[in-house]
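*Asks:* mind folding the following:
(2 chains)
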Protein chains: 2
Amino acid sequence: MKKIITISREFGSGGHDIGMEVAKRLDIPFYDHEIVDKAVAESGFTKEFVEEHGEYSSLSSVLLGTSAPFDSYYYAEDPQDKIFKIQRRIITKFAQEGPCVIVGRCANYILEQADIDSFDVFIRANIEKRMANVSDRVDLKGDELVKFLQKRDHKRRVYYRFYTKRKWGDYHDYNMMLDSGVIGKENCINLIIKAIGE
Amino acid sequence: MKKIITISREFGSGGHDIGMEVAKRLDIPFYDHEIVDKAVAESGFTKEFVEEHGEYSSLSSVLLGTSAPFDSYYYAEDPQDKIFKIQRRIITKFAQEGPCVIVGRCANYILEQADIDSFDVFIRANIEKRMANVSDRVDLKGDELVKFLQKRDHKRRVYYRFYTKRKWGDYHDYNMMLDSGVIGKENCINLIIKAIGE
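*Replies:* This next block holds a predicted model:
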């Protein structure tokens, strides 16, 4: 019973690596940066721009985005909205092709709206574990690193709220939540595979 | 590595049964109604009263409870507060005695405050599954049953908020969340045991 698995995650919780390994062991495709690559090709924006605006809100996007009372005749489509729509199409297409693991980008919500069944996972960890996890790829320490992680989470939270009208991390939106810091990454991988009945 | 496991649950999600079976397989004590029985003996209130006020808020308790600006010289202690304090002592004592499974009653928060390490699980299920789960013990159907379940959840949510100042079900308060409706009770039992490394 292979499934479509979506993984949402706090920054630095190891959700990307856990999802990649789950896909590998189930022998199904894994989509994270692939979504960015395709969105870059379709949108014409740079990779860095899509990575940032395809998952993290910017204040201007929130203020000027789809819910703002501006007329599209006078205002060009907001780049964040454009990227969201492209990513939504890409994610839906990947899911229609069969079982896979999709990381981030409101995939759980996008598939629900498209009436495609998925098993939705949220990965968390406490701040100390996340600081340790990202220490080799983020050149910050101590309080600065804490602030960086909190800001990343905040931007993901606002992005999720903006496009789904829901609260990021709310248990109603997931079938499973795992604390990778306490449970361990290897155990998280096994638990997800076991949860879907493989 | 047996642990203290706390289980919070939506009404009708099967959390009680899951917790009981986890305790049985790990050969450790299981505490749910035992907490009520002990609180009845200590408080002098009836079993029905402790069951209701030991986990579900009433409006008067919230309005007249610990945070209200009334002087205890003039007002006797609120019954809900009295039951909470007794339950807190009982739960802490159970946990100090060794590994066990404790269901409900803000046990995750109470143990955190007492600096006792626990593995905290939240069990959820969608409304249809919960309606099916409680159909043999609640004499309501359709919309009336939906309202009943929503009201139970609401009272637990307010109770949790009142005594912890936190949001019931917020992922920060748990190490694992499982959707028993999708995952299945038997699988939930196995996943919890596996998550704690047994």
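*Asks:* now stretch A:143-160, how far from the centre of its chain.
*Replies:* Put simply, stretch A:143-160 sits 14 Å off its chain's centre (Cα atoms, centre = their mean, to the nearest Å).
*Asks:* give me the residues contacting it.
*Replies:* With contacts defined as Cβ atoms under 8 Å, 6 or more residues apart in numbering or on different chains, stretch A:143-160 is touched by A:10-12, A:55-58, A:62, A:104, A:106, A:109, A:127, A:130-131, A:134-135, A:138, A:140, A:166-169. In this view, the C-beta of every residue, glycine as well, is placed from N, C-alpha and C.
*Asks:* repeat that for stretch A:6-14.
*Replies:* Under the contact criterion Cβ under 8 Å, 6+ apart, stretch A:6-14 has outside partners A:15-16, A:18-19, A:101-104, A:107-108, A:111, A:118-125, A:129-131, A:133-134, A:149, A:152-153, A:156, A:168-169, A:174, A:180-181, A:185, A:188.
*Asks:* quick revisit: so how do I select the buried members of the contacts of stretch A:143-160 in PyMOL?
*Replies:* Buried subset of the contacts of stretch A:143-160, written as a PyMOL selection, criterion 16 or more other Cβ atoms under 10 Å in any protein chain shown:
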select buried, chain A and resi 10+11+12+55+56+57+58+62+104+106+109+130+131+134+138+168+169
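*Asks:* mark which of the contacts of stretch A:143-160 are part of helices, please.
*Replies:* Using DSSP state H, the subset of the contacts of stretch A:143-160 located in helices is A:62, A:109, A:127, A:130-131, A:134.
*Asks:* return the distance of the residue of chain A found nearest chain B relative to A:K141.
*Replies:* Closest residue of chain A to chain B, Cβ to the nearest Cβ: A:M177 (3.5 Å). Distance, A:M177 to A:K141, using Cβ to Cβ, to the nearest Å: 29 Å.
*Asks:* could you do A:I193 as well?
*Replies:* 35 Å.
*Asks:* looking at chain A, which helix or strand is least sure?
*Replies:* Every helix and strand of chain A was ranked by mean pLDDT, DSSP states H and E. The lowest is helix A:59-64, at a mean of 55.
*Asks:* name the next helix or strand downstream of it, please.
*Replies:* Next along the chain after helix A:59-64, taking DSSP states H and E as the criterion, comes helix A:79-96.
*Asks:* can you list the low-confidence ranges for chain A?
*Replies:* Applying pLDDT under 70 to chain A picks out residues A:1, A:59-76.
*Asks:* show me which residues of it sit near chain B.
*Replies:* Contact residues, chain A versus chain B (Cβ under 8 Å from any Cβ of the partner chain): A:119, A:122, A:124, A:169-172, A:174-179, A:182-183, A:187, A:190-191, A:194-195, A:197.
*Asks:* and the buried ones among those residues, selectable in ChimeraX?
*Replies:* Typed into ChimeraX, the line below selects the buried ones among those, using 16+ other Cβ under 10 Å:
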select /A:119,122,124,169,171,174,175,176,177,178,179,182,183,187,190,191,195
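*Asks:* follow-up on the earlier one: need the max-distance pair from the ones in helices among the contacts of stretch A:143-160.
*Replies:* For those, the farthest-apart pair by Cβ to Cβ is A:Y109 and A:M131; their separation is 28.6 Å.
*Asks:* packing partners of the helix or strand A:I123 falls within?
*Replies:* Assigned by DSSP H and E, A:I123 belongs to strand A:119-124. The contact analysis (3 or more Cβ pairs under 8 Å, 6 or more residues apart in numbering or on different chains; DSSP states H and E) places strand A:119-124 against strand A:4-9, strand A:176-179, helix A:180-183, helix A:185-195.
*Asks:* which residues are in contact with the second one?
*Replies:* Applying Cβ under 8 Å, 6+ apart, the contact partners of strand A:176-179 are A:119-126, A:169, A:171, A:188, A:191-192, A:195, B:122, B:171, B:174-179, B:183, B:195.
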